[in-house]
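Asker: Here is my input; please provide its structure:
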Amino acid sequence: MDEVEKAQWDSEDNPWKREAVRTNEEKRYLENEVMRLQNKVMLLNGELNRMRSPPLIVGTIVDRYKDDQVVVSTSGGPSFVVKVLSTIDKDSLEIGTKVSMNKDTMTVTGILPSSKDPLVGSAEMEERPKTKFSDIGGLEEQIRELREVVELPLLRPDLFRDVGIEPPKGVLLIGPPGCGKTLLARAIARETKATFLRMVGSELVQKYIGEGSRMVRELFQLAREKSPTILFLDELDSIAGRRTDSSTSADREVHRTMIQLLAELDGFDPLGEVRIVAATNRPDILDRAILRPGRLDRIIEIPFPDNHARKEIFKVHTKKMNLDRSVSLDELASLSDGFSGAQIKAACTEAGMLAIREERKRVTLDDMKAAIKKIRETRSEDTIMQFKELPVHKEGYSMFV
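Answerer: Next up is the predicted model:
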């Protein structure tokens, strides 16, 4: 190519040069697109192979047998002596570690990250409880005792060290349903700005052997990780009932769960940042072991409210209601003799519904009387008599002779 031809080729007006540049750019683009699609095909093939692979079984190591063998229990019940792949770090195979196993050969193929049971994880309330002590009426003495046992050790542990005593590890709230046991636990968690974990005792009763005990361990482990923590065990009687000579497998599993609970209560620091609050409406069937000193030391009775307490509860629940001047809280307290706090709240709600039904914006005394009468008709006299006859010691530290 002579100089004239070279000059013509380099000229910006040369259409052949522009076409050659465009072709080269398109070639590079297509080469990059081919590489991208090849990588995507490789990823999809890998995903397809993983989907075609058989599912793995999840187990928990319960014992070390040999360097290349361990004893693993599964959720299905039985335990197996299985081999471990040579690529797995043997030092990581500790008792309690979760592992994945091949479905056919039961060989341990991998170590799974530690995770808690979904029921245990759901025990944590993400939002801070909004209940305040001012929202609870008629339980001034019970609030004082609860704050001494739960709030002071969390906020002022130095007071106990100065005196040279250990605070009670836990507190047991006893009383009929609807009298404020759960409200007290929520309020104390709010005042201490602590994590609030709530677990119903019946949720710890599991079908397979050892599952309930494992959940108790994980629950207390979660409480320590989230400290400061208020751990609220509701319906304690469902897992801490008095042991009998019954030999059914279900009863034995409940007893194992209770023994694990006792071990956890014995194992944590009284001045630590985990406080235990338990509640039951059947204290007469609790096992004596759960009430011995060093476990649930403080027992607080939450009885049916008296006349003064009922007035305070009415004051709390009618604070935001648009009441007629004829409404007298003293009269309402007298009319609602034997009501629990929950029943008083239900009566206030029912009175408001009656006003709405009559297309009024104010709740009258007649509305309140009608609501109290309606709620009273649904009350259970057997429940009231049951708690009036409980042999509770006045100081609240001993329930049985």
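Asker: what sits up against the lengthiest strand in the chain?
Answerer: When the chain is parsed with DSSP state E, its longest strand is strand 56-66. Residues outside strand 56-66 that contact it (Cβ atoms under 8 Å, 6 or more residues apart in numbering) are 70-75, 79-82, 93-103, 106, 108-110, 112. Where C-beta positions appear, they are placed from N, C-alpha and C, glycine not excepted.
Asker: Could you spell out the sheet neighbours of it, each with its direction?
Answerer: Partners of strand 56-66 in the sheet, by DSSP bridges, are strand 69-74 (antiparallel), strand 98-102 (antiparallel).
Asker: Contacts for the longest one next, please.
Answerer: Contacts of strand 69-74 with the rest of the structure, by Cβ under 8 Å, 6+ apart, involve 57-65, 79-84, 93, 99, 101, 106, 108, 210.
Asker: list the buried ones in it?
Answerer: Neighbour counts over strand 69-74 (16 or more other Cβ atoms under 10 Å) mark 70-73 as buried.
Asker: wait, which of these is closest to residue 285?
Answerer: Nearest to residue 285 out of these is residue 73 (Cβ to Cβ; 31.5 Å).
Asker: roughly how far apart are that closest one and residue 237?
Answerer: Going from residue 73 to residue 237 by Cβ to Cβ, to the nearest Å gives 29 Å.
Asker: Tabulate the buried residues of strand 69-74 (a markdown table), appending distance to residue 155 and pLDDT.
Answerer: Below are the buried residues of strand 69-74 laid out as a markdown table (distance: Cβ to Cβ, whole Å; pLDDT from 0 to 100):
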| residue | distance to residue 155 | pLDDT |
| --- | --- | --- |
| 70 | 45 | 86 |
| 71 | 46 | 87 |
| 72 | 45 | 86 |
| 73 | 42 | 81 |
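Asker: out of the residues you listed, who's nearest residue 49?
Answerer: Distance to residue 49 across these (Cβ to Cβ) is lowest for residue 72, with 26.1 Å.
Asker: The closest one - nearest residue in space that isn't next to it in sequence?
Answerer: residue 59 (3.9 Å; Cβ to Cβ, 6 or more residues apart in numbering).
Asker: Which strand residues bridge that neighbour?
Answerer: residue 74, residue 99.
Asker: Number of residues surrounding it?
Answerer: 24 (other Cβ atoms under 10 Å).
Asker: so how far is residue 141 from it?
Answerer: 51 Å.
Asker: same check, this time on residue 277
Answerer: Relative to residue 141, and taking Cβ to Cβ, residue 277 is found at 17 Å.
Asker: and if you look at residue 61?
Answerer: 50 Å.
Asker: higher neighbour count, those two?
Answerer: Just comparing residue 61 and residue 141: by other Cβ under 10 Å the higher neighbour count belongs to residue 61, 21 against 10.
Asker: pLDDT at that one, what is it?
Answerer: If you check residue 61, the pLDDT there is 83.
Asker: before we move on, what about residue 194?
Answerer: 80.
Asker: Dihedrals phi and psi, it?
Answerer: With angles defined as degrees, to the nearest 10, residue 194 sits at phi -100, psi 160.
Asker: what about the strands in the stretch 201-350 of the chain?
Answerer: Using DSSP state E, counting those that start in this stretch, the strands of the stretch 201-350 of the chain run over 229-234, 274-280, 298-301.
Asker: Nearest residue to residue 323 in space, ignoring adjacent ones along the chain?
Answerer: Counting by Cβ to Cβ, 6+ apart, residue 323 lies nearest to residue 363, which is 5.4 Å off, once chain neighbours are set aside.
Asker: OK, contacts around that neighbour?
Answerer: 321-324, 327, 351-352, 354-355.
Asker: Swap in 6 Å and give it another go.
Answerer: Going by Cβ atoms under 6 Å, 6 or more residues apart in numbering, residue 363 touches 321, 323, 351-352, 355.
Asker: With residue 362 instead?
Answerer: Contacts of residue 362 (Cβ under 6 Å, 6+ apart): 322, 324.
Asker: So what would you say the end-to-end distance of stretch 259-274 is?
Answerer: 19 Å (Cα to Cα, to the nearest Å).
Asker: any idea of the mean pLDDT in that stretch?
Answerer: 77.
Asker: if we can go back for a sec, between the strands paired with strand 56-66, which one is closest to residue 176.
Answerer: Counting by Cβ to Cβ, residue 176 lies closest to strand 69-74 out of these; the figure is 41.1 Å.
Asker: gap between the longest strand of the chain and the chain center?
Answerer: 28 Å (Cα atoms, centre = their mean, to the nearest Å).
Asker: what does stretch 346-355 give?
Answerer: Using Cα atoms, centre = their mean, the offset of stretch 346-355 from its chain centre is 32 Å.
Asker: which residues of the stretch 251-400 of the chain score low on pLDDT?
Answerer: 268-271, 379-400 (pLDDT under 70).
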